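Asks: got a predicted structure here, sequence first:
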Amino acid sequence: MCCRGINIVGRQTTPCQASEKYRRPDGRCNNLRNPEWGSTNIPLTRVLPNAYKDNTRLPRVKGVGGAILPGPRTVSVNCHGPSDERADVTLMVMQWGQFLDHDVALTPHPSREFIDRDLELNGAAH
């Protein structure tokens, strides 16, 4: 897990000003205590170690005791139950969920390289 004040990718931490009128396009300084959290090209940190079938990327099909694991749809239905259409929810809720999913799923992996280049906003580098 990341801790406050730790430079998580080995690059210089961006100084943040609470008085800045606009947010930065790369997401830096959205969190003044942890300026790099949630910014572009910052990988997420694992809470638990991975448990892949091949120790790198293949999903497990058997549990610790050797029993076959249920598929994702079975888990979802059992955790959430059957769904009824709700009149108070529109398709925008699904779109928001998909946006969040893609934001998390497409977050860089810690071992991947990225371009560490400042963006210019009104002629000033950030």
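Replies: Received the coordinates, thanks.

Asks: may I ask which helix or strand of this structure has the lowest mean pLDDT?
Replies: Sorting the helices and strands of the chain by mean pLDDT, DSSP states H and E puts strand 124-125 at the bottom, at a mean of 61.

Asks: so where's the chain shaky on pLDDT?
Replies: 1-14, 109-126 (pLDDT under 70).

Asks: spatially nearest residue to the most centrally placed residue in the chain (excluding sequence neighbours)?
Replies: With distances taken as Cα atoms, centre = their mean, residue 104 lies nearest the centre of the chain, 3.3 Å away. Sequence neighbours aside, residue 44 is the residue nearest to residue 104 in space, at 7.2 Å (criterion: Cβ to Cβ, 6 or more residues apart in numbering). The way it works is simple: take the backbone N, C-alpha and C, and place the C-beta from them, glycine included.

Asks: mind listing the helices for the protein?
Replies: Listed in chain order, the helices of the chain (DSSP state H) span 72-80, 91-105.

Asks: export those to TSV and tack on distance to residue 37?
Replies: Below are the helices of the chain laid out as TSV (distance: least, Cβ to Cβ, whole Å):
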stretch	distance to residue 37
helix 72-80	28
helix 91-105	13
